[in-house]
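**Q** Here's my sequence, what's the structure:
(one chain, ligands or ions: 1)
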Amino acid sequence: MSDQSLSSVLEIVWQHLSRGTADRHHPARHPTLATISPDGPDLRTLVLRCVDRETSTLEFHTDSASPKTAHIAENPAIAIHVWIPKARLQIRARGTARLVAGDAKLFDRLPEQAQANYTGPIPGTPLPTDTPNTPPRFARLLCVLSEIDALILSDPHQRGLFTSAKDWQGAWIAP
Ligand SMILES: Cc1cc2nc3c(=O)[nH]c(=O)nc-3n(C[C@H](O)[C@H](O)[C@H](O)COP(=O)(O)O)c2cc1C
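**A** Predicted structure coming up:
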């Protein structure tokens, strides 16, 4: 397997992630994000909003009072998983996340129903609740990747591991 095809695997991964931000039907639209909670690993689906290959960053929107943000404040380590059936490609990535305030212009452009997610009851709290509406808790979650593991179910299976520590050069590993 040539270095050319190894670098093309990384290229394909970023192309799929990028498509996820633009095409609501693409599987990369809905990655699974893993955090480390005090009770162990925790997983949930999020909408992928932006990707920036230059900085290896994936951006999500979330509620700044949601449990995942507390996990990240305690331990910023995250992992991300996407399975793209048509490409027979599994993307696994690791990195660190940080929360930044969502800007007001972005919030104003959200549909009313989406805005309500950031002012109503805090995710994971019991219902019904008497909690009055709080100021918008809209936040951006920036995940900076340090490792990408791409498994392609071709014949034979191929798996490339890419790390920022090695300048994303990558290596073939056993599938
Ligand atoms: C298809 C789908 C898309 C979702 N998109 C988001 C999202 O973009 N941001 C978000 O915070 N939660 C999103 N959720 C809800 C999360 O999966 C999760 O239930 C919620 O954020 C609370 O997670 P936590 O308790 O781990 O903080 C989505 C759920 C589904 C099923």
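**Q** residues near the closest residue to residue 38 other than its chain neighbours, how many?
**A** Nearest non-adjacent residue to residue 38, counting by C-beta to C-beta, 6 or more residues apart in numbering: residue 74, 7.4 Å away. From N, CA and C alone the C-beta is placed, and that goes for glycine too. The local packing of residue 74 (other C-beta atoms under 10 Å) involves 12 other residues.
**Q** Model confidence score at residue 74, please.
**A** Note on residue 74: pLDDT of 98.
**Q** same deal with the one 4 residues further on?
**A** Residue 78 carries a pLDDT score of 98 in this model.
**Q** from what I can see it touches residue 94, true?
**A** Yes. Shown here, residue 78 and residue 94 form a contact pair, counting by C-beta atoms under 8 Å, at 7.2 Å.
**Q** More neighbours: which of the two?
**A** Applying other C-beta under 10 Å to residue 78 and residue 94 shows that residue 78 carries more neighbours, namely 23 against 16.
**Q** circling back: what distance do you get for the residue nearest to residue 38 to the ligand?
**A** Using C-beta to the nearest ligand atom, to the nearest Å, residue 74 is found at 13 Å from the ligand.
**Q** for that residue, phi and psi?
**A** Backbone geometry at residue 74, expressed as degrees, to the nearest 10, gives phi -80, psi -40.
**Q** Repeat that for residue 151.
**A** Backbone torsions for residue 151, taken as degrees, to the nearest 10, come to phi -110, psi 120.
**Q** beta partners of it?
**A** Residue 151 forms beta bridges with residue 90, residue 159, as assigned by DSSP bridges.
**Q** who are the neighbours in contact with it?
**A** The contact partners of residue 151, by C-beta atoms under 8 Å, 6 or more residues apart in numbering, come to 89-90, 92, 157-159, 175.
**Q** Most neighbours among these, which one?
**A** residue 89 (21 neighbours).
**Q** Can you give me the pLDDT of that residue?
**A** For residue 89, pLDDT reads 98.
**Q** With residue 4 instead?
**A** Listed pLDDT for residue 4 reads 57.
**Q** Please, which helix or strand holds the closest residue to residue 92 other than its chain neighbours?
**A** Excluding its sequence neighbours, the residue lying closest to residue 92 (C-beta to C-beta, 6+ apart) is residue 149, at 4.3 Å. Secondary structure from DSSP states H and E places residue 149 in strand 138-152.
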